[in-house]
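Asks: predicted model follows, preceded by the sequence.
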Amino acid sequence: MNDPRTASNSAHPTKAGLRREGREAAVQFLYQHDQSESQAPQDPQDPPTLPAPDADFWRLRGAAGDMEDPPAPYAPTAGKARAFAETLIAGVLAHRADLDETIARIAKNYELHRIAAVDRNILRIALFELLHNPEVPAPVVINEAIEIAKRFGTEESGRFVNGILDKVRAELPPERRSRAPRRTPPAPRPPQSPKTP
């Protein structure tokens with residue numbers, strides 16, 4: 001299994017590639033957050049704070065090489081990917097209790113804390129997108145989650161994530177389950193008359 005804290009990011013020029021990079025960064029941050037939270041739980045007397053990735057996270061993420069490949073040269077996370085990751089992180093942390101409740105309800109045979117931290121955070125991100133970001137079609141969210149689970153998780157992670165998210169997708173309103181939002185084709189343009197000199 002690859003450790004998401006050390007997997008390299010790669011340059012993705014397309015919008016889809018930037019979103020994938022953002023999702024991967026969000027998984028890495030949330031994984032790191034889970035690990036640090038389990039080692040030093042917050043005092044119940046303290047007011048809750050929502051952590052955010054700091055400059056060190058982004059610097060280390062850009063400099064980390066994949067453990068199976070030679071170290072990658074420093075490639076900072078693209079600005080749009082970073083902004084998307086920060087949106088996902090903030091959304092997951094703000095809705096974490098509801099997202100975890102949904103995971104626990106759907107994954108009846110699994111206790112939430114027993115689900116691998118990588119898989120749990122991939123599910124949280126995908127659920128946040130499915131339930132709170134209608135801009136991205138549900139099949140795209142699910143496919144992205146499966147691919148990220150295959151990259152960062154175990155051999156079984158892709159199937160596990162797919163099974164949970166497919167059950168959630170079945171509960172979505174029909175228009176949200178579709179492949180892509182229906183778009184009205186543009187009206188035909190009237191022919192232009194030739195210009196006379």
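Replies: Alright, I've got the coordinates. Numbering: from 1, shown residues only.
Asks: and residue 116, how many neighbours?
Replies: Residue 116 has 17 neighbours, counted by other CB atoms under 10 Å. Placement of C-beta: from N, CA and C, glycine included.
Asks: what residues are up against it?
Replies: Shown in contact with residue 116 (CB atoms under 8 Å, 6 or more residues apart in numbering): 153, 154, 157.
Asks: give me the pLDDT value at the second one.
Replies: The predicted local distance difference test score for residue 154 is 92.
Asks: any chance you could map the helices in the chain?
Replies: Here the chain has its helices, by DSSP state H, at 15-39, 55-63, 79-94, 96-106, 117-132, 138-152, 157-171, 174-177.
Asks: show me which of those has the highest average neighbour count.
Replies: Burial of the helices of the chain is given as mean neighbour count (mean count of other CB atoms under 10 Å); helix 117-132 ranks first at a mean of 24.
Asks: between that one and helix 157-171, how many degrees?
Replies: Relative orientation of helix 117-132 versus helix 157-171 (axes from the mean of the first three to the mean of the last three CA atoms, to 10 degrees): 20 degrees.
Asks: what is the mean pLDDT for helix 117-132?
Replies: Rounded mean pLDDT across helix 117-132 is 95.
Asks: for that helix, packing partners?
Replies: helix 15-39, helix 79-94, helix 96-106, helix 138-152, helix 157-171 (3 or more CB pairs under 8 Å, 6 or more residues apart in numbering; DSSP states H and E).
Asks: residues contacting it, please?
Replies: The contact list for helix 117-132 (CB under 8 Å, 6+ apart) reads 1, 4, 23, 26-27, 30-31, 34-35, 88, 91-92, 95-96, 98-100, 102-103, 112, 115, 136, 138, 141-142, 144-145, 148-149, 152-153, 157, 160-161, 164-165, 168-169, 172, 176.
Asks: mind exporting the C-alpha coordinates of it to CSV?
Replies: The C-alpha trace of helix 117-132 is given here as CSV (Å, rounded to 0.1, in the frame of the first residue of the first chain):
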residue,chain,number,x,y,z
ALA,A,117,-7.8,5.7,7.2
VAL,A,118,-7.1,6.1,3.5
ASP,A,119,-10.4,4.5,2.5
ARG,A,120,-12.3,6.4,5.1
ASN,A,121,-11.0,9.8,3.9
ILE,A,122,-11.6,8.9,0.2
LEU,A,123,-15.2,8.1,1.2
ARG,A,124,-15.6,11.3,3.1
ILE,A,125,-14.4,13.4,0.2
ALA,A,126,-16.6,11.6,-2.4
LEU,A,127,-19.6,11.8,-0.1
PHE,A,128,-19.0,15.5,0.4
GLU,A,129,-18.9,15.9,-3.4
LEU,A,130,-22.0,13.8,-3.9
LEU,A,131,-24.1,15.4,-1.2
HIS,A,132,-22.9,19.0,-1.3
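Asks: ok, back up a step: which of the helices of the chain comes out lowest on mean pLDDT?
Replies: Of all these, mean pLDDT reaches its minimum on helix 55-63 (a mean of 57).
Asks: which ones are touching residue 91?
Replies: Here residue 91 is in contact with 128, 132, 133 (criterion: CB under 8 Å, 6+ apart).
Asks: since that was my last question, I'll sign off now.
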